[in-house]
Each structure stands twice: as structure tokens, then as C-alpha cells.
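Chemist: Next come a sequence and a model predicted from it.
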Amino acid sequence: MSIELKPETERLVQEEMRNGNFHSVDELIVEGVQAWREKHQTDPPAERQSRKQTLSEFLMESPLAGSELNLERDKDPGRTIQL
């Protein structure tokens, strides 16, 4: 199977692997599919409310998910002020 990724998606995948969060692209995909399945499981409404949400569920349900926002922190050290 061949998968084509957007440059931003490829950068995110490489970053996660570089940070040691995943050892392979396959591992990252499996984790993503499992998170998707958890999010879309058919729990009764009462059970769904009592179950704590995982971090992956929280991030995937965010209104900003998939918006491709650049959330990297500016590496500018700021400015010098005299006290």
C-alpha cells in the first residue's frame, strides 16, 4: 500500500518518531486507528459520560483538529529589560 501525505502531516509524523513517541510509521498508524475506534465506539450515553476521555480523544474532538494550524512555539528569547 502506498500512502501520500501532505508535507505538514509528514513533518508531524517525523517529529513524533524523532521524539521517541513512536518507533515506526506503522506503530503511529495503529495507535491512530485504535484512538479512532475508541472515539467512535458505541457506548450507551450514560456509560460514555462516566468514562474518562483519553488525551487522544480530547485532541481528536478539538474544533481545531485537522485545521493545520502551526502551533510551534517561537524560539525568540524575548527582549532584555532593565529593572
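Modeler: That came through, no problem. Numbering: from 1, shown residues only.
Chemist: so where's the chain shaky on pLDDT?
Modeler: Counting by pLDDT under 70, the chain contains low-confidence residues at 42-50, 69-71.
Chemist: What are the boundaries of the helices in it?
Modeler: Using DSSP state H, the helices assigned to the chain run over residues 7-18, 25-39, 45-50, 55-60.
Chemist: Any chance of a markdown table for those helices, columns mean neighbour count?
Modeler: (C-beta placed from N, C-alpha, C; glycine too.) Formatted as a markdown table, these follow (neighbours: other Cβ atoms under 10 Å):
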| stretch | mean neighbour count |
| --- | --- |
| helix 7-18 | 12 |
| helix 25-39 | 13 |
| helix 45-50 | 9 |
| helix 55-60 | 13 |
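Chemist: Among the ones you listed, which comes closest to R79?
Modeler: Each of these was scored for nearness to R79 using Cβ to Cβ, and the closest is helix 7-18 (28.5 Å).
Chemist: Please enumerate residues in contact with the closest one?
Modeler: Applying Cβ atoms under 8 Å, 6 or more residues apart in numbering, the set of residues contacting helix 7-18 from outside is 5, 22-25, 28, 68.
Chemist: before we move on, back to that, distance to R73 added to the helices of the chain, as a markdown table?
Modeler: Output for these, formatted as a markdown table (distance: least, Cβ to Cβ, whole Å):
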| stretch | distance to R73 |
| --- | --- |
| helix 7-18 | 13 |
| helix 25-39 | 22 |
| helix 45-50 | 34 |
| helix 55-60 | 17 |
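Chemist: quick one, which of these is nearest to L83?
Modeler: helix 7-18 (37.3 Å).
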